[in-house]
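>>> What shape does this take:
(4 chains)
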Amino acid sequence: MALDKNGIAKRIAKELKDGYYVNLGIGIPTLVANHVPEGMTVEFQSENGVLGMGPFPVEGEEDADLINAGKQTITVKDGASFFDSAMSFAMIRGQHVQLTVLGAMEVSENGDIANWKIPGKMVKGMGGAMDLVASAENIIVAMTHTNKAGESKLLKSCSLPLTGVGCVKKIVTDLAVLEVSPDGGFILLEVAPGVTVEEVKSKTEGKLIVPDNVSEVAL
Amino acid sequence: MALDKNGIAKRIAKELKDGYYVNLGIGIPTLVANHVPEGMTVEFQSENGVLGMGPFPVEGEEDADLINAGKQTITVKDGASFFDSAMSFAMIRGQHVQLTVLGAMEVSENGDIANWKIPGKMVKGMGGAMDLVASAENIIVAMTHTNKAGESKLLKSCSLPLTGVGCVKKIVTDLAVLEVSPDGGFILLEVAPGVTVEEVKSKTEGKLIVPDNVSEVAL
Amino acid sequence: MNKVVNSAEEAIKGIESGMTLMLGGFGLCGIPENCIEALTKTDISGLTCISNNAGVDDFGLGLLLQKKQIKKMISSYVGENKEFERQMLSGELDVELIPQGTLAERCRATGAGIPAFFTPAGYGTEVAEGKETREFNGKMYVMEHAFDAPFAIVKAWKGDTEGNLIFKATARNFNPLMAMAGKITIAEVEELVPAGELDPNAIHTPGIFVQRIFQGEKFEKRIEQRTTRQA
Amino acid sequence: MNKVVNSAEEAIKGIESGMTLMLGGFGLCGIPENCIEALTKTDISGLTCISNNAGVDDFGLGLLLQKKQIKKMISSYVGENKEFERQMLSGELDVELIPQGTLAERCRATGAGIPAFFTPAGYGTEVAEGKETREFNGKMYVMEHAFDAPFAIVKAWKGDTEGNLIFKATARNFNPLMAMAGKITIAEVEELVPAGELDPNAIHTPGIFVQRIFQGEKFEKRIEQRTTRQA
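Here you go, the predicted structure:
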């Protein structure tokens, strides 16, 4: 059974480490915050200028001056801080943010990522995505393995305009967990419960490297 | 009669304009703060991170955490602000500080300035001087016309290692007020009371341009 | 020297058609509402606006787009804005998209007298096309330049008569950077106090960067994505 | 994740002979007194210290110079320090002088992931020798690079257990910039409080930049140039 959005987020949460500062993109990545393992402290940064985000506010306590990069109303925890956008991206470019989780339309077998523009369609902009992918040492992509047309999103090379080159380290999809090999290719680490290696292979256009033992995703 | 230190400072104070943000170097320039014309508001910046400096503190009110770039204890006025060194030099390089007054060992007829290093002698460093002279649109040098050996400090070209090139706009010495011509040369604007044009000429090694009427310094 | 002006109308004096403006804010958070409204009441047009976003149809910069006062937007994300989309697709509106961190750093560089710097953002993408790239310590970077903006318009929480500003929470965003960058910086604040009332240690934007300041008549502070949890 | 350490001795663990350290402070104002003292009690030597100044003979970095623990100083102004002068003239101590604004901007760049930038400071002087220079808008600039420092040691007024820092008055100076720049940043504070006690809006250095924090045992806070006026 393929992982649903929460399953993908839960699997990514296992990559968190105590004390990590983490930037979560819009969509599935945001859900990762709901699955921080017990007893672990992780601080969430949002690139519009806040560190130490808490849960969404309860009704009536929304503050127009307190939002995340998705423009959603938020709250902050004890020990939070606010700062300007230059300071925020200093944290990102300077690799003080240790993990970035974001969505993608395509990832190539050498770690290129495309997630901001579809030629011919209205382009909304890259926001902070290009800074995030060019800077982070540790980037995990959260996405479905194939697009709505059933075509693979793990490609030999991206067909869409790039957001960044050679930057993706790990990919968690509804079907599998994969690592981008420094020599190129997707190393299959885990498959979702009930998903076969054959299915992953058939839905991965890029080079798939299948080690001797591929474990099942444990949540 | 040549101007004394306070006379030089008083003459420079006449260059101030209401609303100016000003950086004063160590020595004679510091004295300019004592001669701000009545009814004029001028804010003093110190490059170690303060805007809105007031007078020195009275005894017993010195604060080790509140100093100027000369490491002297200071006070601040209402409306002051503190900031880090990068912000401070952002103000300077970004030309938000409208006037810089500093001392010099030598100035050349094309506006070069040397004031930080004498080869063979102990070098203490340039501090913020290189940033200040390379950045300010409006730089006034306050110095004696000749050195202790009686040699001119207004030269064809500086003999000492430079602090900045082509940056000095105006010079106020004990003998005269001079402007650096965009085409090179010191334009004599004013002479100190009792000082003759001939004396200035004899003590200026660089090209001296003497206009038809040279007024007397009025304090 | 009096920096205090009486109204948004007075604050925007000198802004002319064809000029480049920087406007603070992220989404609808921390935007200079009063000055934007004052601009809509003028016949100034052909503006180039440097702003992280472009407002929504009926608020923020969307209001200037409705009145076709903007000819070019320089932003990182233009969001959900039907009129924007229409103008862009019809070619009436020119749009330059810049990575958000690069936009922020370019604003700071403008104010800090740094003409150019290197950033990794956008290397290998269309954003780097035609730009100088260079390797430092085994990694590739793109050279980016400072802007040149005669006017910056920012919104702060508190301000004093010296022009010192304090922003609230994430309404800070691009505001302090653009305040540094404008040759003339206009600040509209929720509360204007006499010099001396703000703690000099807590100032976000020192007054040296602000040329005109006023207390805004009203602040709607609209929320773009109201998101709540169960109590 | 606990950033709080119990003492200066514990805070400086991992600093080794031959390393490059960044140390905050301007003159004797805002220097990390406790960590400097702890370093004098070790046999660590051959340090390269990036610090705006070099202390005085018997305080600040002067104490490390006395014990010959420093092999190189990277500063903008080394001031009045007899032992410093002796070591420098005898060739025991290497000194690299950098314009103060360039030093500050290089520290910030280090922490901000900017490998290089252009500044007008030092153009046409010996500071620019061997460096790339370039014209932007008719003015000449020098290209300067980020530093690489495994450790930064800063001193703050207040700090919390998350590593958030607030500095006091002009004791801020280089401290926030060096805090950004260190791979490991050590903060000694006058008052350490639990997370949540500091106003998130008033933080100068967000905790993300600080890896170790402790309340200093004592702060002498010596005044270098006590200057007063008649009451």
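>>> contacts and neighbour counts: CA atoms only from here.
Will do.
>>> contacting residues around the helix or strand of chain A with the lowest mean pLDDT?
Ranked by mean pLDDT, DSSP states H and E, the weakest helix or strand in chain A is helix A:28-31, scoring a mean of 93. Contacts made with helix A:28-31 from outside it, assessed by Cα atoms under 8 Å, 6 or more residues apart in numbering or on different chains, are listed as A:5-6, A:8-9, A:24, A:101-103, A:142-143.
>>> okay if I get those residues as a markdown table plus neighbour count and pLDDT?
Shown next, in a markdown table, are the contacts of helix A:28-31 (neighbours: other Cα atoms under 10 Å in any protein chain shown; pLDDT from 0 to 100):
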| residue | neighbour count | pLDDT |
| --- | --- | --- |
| A:Lys5 | 18 | 96 |
| A:Asn6 | 16 | 96 |
| A:Ile8 | 28 | 97 |
| A:Ala9 | 26 | 97 |
| A:Leu24 | 22 | 95 |
| A:Val101 | 27 | 97 |
| A:Leu102 | 24 | 96 |
| A:Gly103 | 24 | 96 |
| A:Ala142 | 27 | 98 |
| A:Met143 | 25 | 97 |
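>>> out of these, which are inside strands?
Among those, the members falling in strands (DSSP state E) are A:24, A:101-102, A:142.
>>> For the contacts of helix A:28-31, please prepare a markdown table with the additional fields distance to chain C.
Formatted as a markdown table, those follow (distance: Cα to the nearest Cα, whole Å):
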| residue | distance to chain C |
| --- | --- |
| A:Lys5 | 19 |
| A:Asn6 | 17 |
| A:Ile8 | 22 |
| A:Ala9 | 19 |
| A:Leu24 | 15 |
| A:Val101 | 17 |
| A:Leu102 | 15 |
| A:Gly103 | 16 |
| A:Ala142 | 21 |
| A:Met143 | 21 |
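>>> Just put these in a markdown table and tack on distance to B:Lys203.
Below are the contacts of helix A:28-31 laid out as a markdown table (distance: Cα to Cα, whole Å):
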| residue | distance to B:Lys203 |
| --- | --- |
| A:Lys5 | 83 |
| A:Asn6 | 83 |
| A:Ile8 | 82 |
| A:Ala9 | 79 |
| A:Leu24 | 69 |
| A:Val101 | 70 |
| A:Leu102 | 71 |
| A:Gly103 | 73 |
| A:Ala142 | 76 |
| A:Met143 | 78 |
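>>> Out of these, which are close to chain B?
For chain B, no contacts are drawn from the contacts of helix A:28-31 by Cα under 8 Å from any Cα of the partner chain.
>>> For D:Glu224, state which of those is nearest.
Distance to D:Glu224 across these (Cα to Cα) is lowest for A:Leu24, with 47.6 Å.
>>> Can you give me the pLDDT of the closest residue in space to C:Gly79 that isn't next to it in sequence?
Sequence neighbours aside, A:Lys124 is the residue nearest to C:Gly79 in space, at 5.6 Å (criterion: Cα to Cα, 6 or more residues apart in numbering or on different chains). Looking at A:Lys124, its pLDDT reads 92.
>>> Show the contacting residues for A:Lys124.
By Cα under 8 Å, 6+ apart, A:Lys124 lies in contact with A:116-117, C:77-80.
>>> And for C:Ile166?
C:Ile166 makes contacts with C:156-159, C:202-205, as judged by Cα under 8 Å, 6+ apart.
>>> Check those residues one by one and keep those near chain D.
Among the contacts of C:Ile166, chain D is touched by C:Ala202 when using Cα under 8 Å from any Cα.
>>> I'd like to know which of the contacts of C:Ile166 are buried.
By neighbour count, with 16 or more other Cα atoms under 10 Å in any protein chain shown, the contacts of C:Ile166 hold C:156-159, C:202-205 as buried.
>>> And those, which is closest to A:Gly150?
Nearest to A:Gly150 among these: C:Ala156, at 48.6 Å, using Cα to Cα.
>>> Could you confirm whether the helix or strand hosting that closest one reaches chain A?
Secondary structure from DSSP states H and E places C:Ala156 in strand C:151-160. No. Strand C:151-160 lies out of reach of chain A by Cα under 8 Å from any Cα, never closer than 9.7 Å.
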